[in-house]
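Undergrad: quick one, what's the 3D model for this:
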Amino acid sequence: MKRQFLLNNFLFLVWLLCECRCSSLSFTPSQIRIDSISHLVSETLNSDHEGDKTKRYASVRSMASVHQTSPRHELVYGELSIPVLATILDAVQVEENDAFLDIGSGDGALSIGAAMLYPERLRISRGLEIMPGLVARSRQNAEKLSTRLEVPVEFTHGNVHHTGSDKEVASILSDSTLAVCFATTWSADNAKSKDKTSLRGRFLPKLSAALCDMPVGARIVSVDGRLDPKDGFEWGGDMKISCPDTAPFSIATLYERK
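TA: As a prediction, the model looks like this:
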């Protein structure tokens, strides 16, 4: 009887240790939490546009057209949803003490969303954006949600391709362990392709070279764009995701910096 009692206690302790280990290694937000955060972020971002997402999109695209310098450097605005971000980050497996970066962060949706989805894992969530108007708007959006944010959220105005001349951008990249970039935001002359208008499967040598400043072990998810293995990026898999801006679907590709 005593032996059985001890055995039961031993098995319970083994189970408890396994549970604790599993919970420390992985964390996935519930669908209810994802939906709630998605609604809150969308509501906040759309609040200055009569609650209309279409008007917000139009405003952002208008900023992009003003910032346009030439057809070879077009800025095409595209946006991933919070549920799609959650799917991507769940596949990547956010690790404890990760530093998240959205490259081409627009008005801040993904950087804010990542901070709210993974407060137990992230130490900071950042956004890097080339258009100063969107950086200002992102900071305002983060301020509106400051009481809901448990980790720091920062937005920086800068060009990811200028790591050699912009020490702040280089510093952000060197401190980021997890990054997402939506390739619709990258210019046509960045692509090595006969069809410059084709996004899916497009190689982005300039972006690939710039991201070499990220630390070894960093994970990068590029949506509809490819990084160069010669720059030290090891392919980790592809995943179809739903995105209205690039219907019927987009391809999210995972890389690890080696």
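Undergrad: any weak-confidence spans in the chain?
TA: 1-26, 64-77, 184-201 (pLDDT under 70).
Undergrad: what separates residue 100 from residue 122, distance-wise?
TA: As judged by C-beta to C-beta, to the nearest Å, residue 100 and residue 122 stand 5 Å apart. The way it works is simple: take the backbone N, C-alpha and C, and place the C-beta from them, glycine included.
Undergrad: which stretches in the stretch 51-200 of the chain count as strands?
TA: For the stretch 51-200 of the chain, the strands defined by DSSP state E, counting those that start in this stretch occupy 98-103, 122-129, 153-157, 178-182.
Undergrad: give me the angle between the longest one and strand 98-103.
TA: Using axes from the mean of the first three to the mean of the last three C-alpha atoms, to 10 degrees, the interaxial angle of strand 122-129 with respect to strand 98-103 works out to 10 degrees.
Undergrad: starting from strand 122-129, tell me which strands it pairs with and how they run.
TA: Its sheet considered, strand 122-129 pairs with strand 98-103 (parallel), strand 153-157 (parallel) by DSSP bridges.
Undergrad: could you export the longest one as CSV, CA atoms only?
TA: Taking Å, rounded to 0.1, in the frame of the first residue of the first chain, the C-alpha atoms of strand 98-103 are listed here in CSV:
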residue,chain,number,x,y,z
ASP,A,98,12.5,37.6,-27.8
ALA,A,99,12.6,41.0,-29.3
PHE,A,100,10.0,41.4,-32.1
LEU,A,101,10.5,43.7,-35.1
ASP,A,102,8.0,44.5,-37.9
ILE,A,103,10.0,45.8,-40.8
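Undergrad: please renumber the chain so that the first residue is 11 from this point on.
TA: I'll keep to 11 as the first residue from here, and by that count the last item is strand 108-113.
Undergrad: picking that back up, give me the common contacts of residue 110 and residue 132.
TA: Residues touching both residue 110 and residue 132 (C-beta atoms under 8 Å, 6 or more residues apart in numbering) are 104, 124, 125.
Undergrad: relative to residue 71, which of those residues is nearest.
TA: Ranked by distance to residue 71 (C-beta to C-beta), these are led by residue 124 at 23.5 Å.
Undergrad: OK, contacts around residue 115?
TA: By C-beta under 8 Å, 6+ apart, the contact set of residue 115 is 121, 136, 137, 138, 139, 144, 148, 165.
Undergrad: still on that earlier bit, would JSON lines of the strands paired with strand 132-139 with mean neighbour count and distance to residue 191 be doable?
TA: As requested, the strands paired with strand 132-139 are exported to JSON lines (neighbours: other C-beta atoms under 10 Å; distance: least, C-beta to C-beta, whole Å):
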{"stretch": "strand 108-113", "mean neighbour count": "25", "distance to residue 191": "4"}
{"stretch": "strand 163-167", "mean neighbour count": "20", "distance to residue 191": "15"}
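Undergrad: dump those to JSON lines, plus distance to residue 175.
TA: Formatted as JSON lines, the strands paired with strand 132-139 follow (distance: least, C-beta to C-beta, whole Å):
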{"stretch": "strand 108-113", "distance to residue 175": "17"}
{"stretch": "strand 163-167", "distance to residue 175": "14"}
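Undergrad: out of these, nearest to residue 220?
TA: When the strands paired with strand 132-139 are compared (using C-beta to C-beta), the closest one is strand 108-113, at 9.0 Å.
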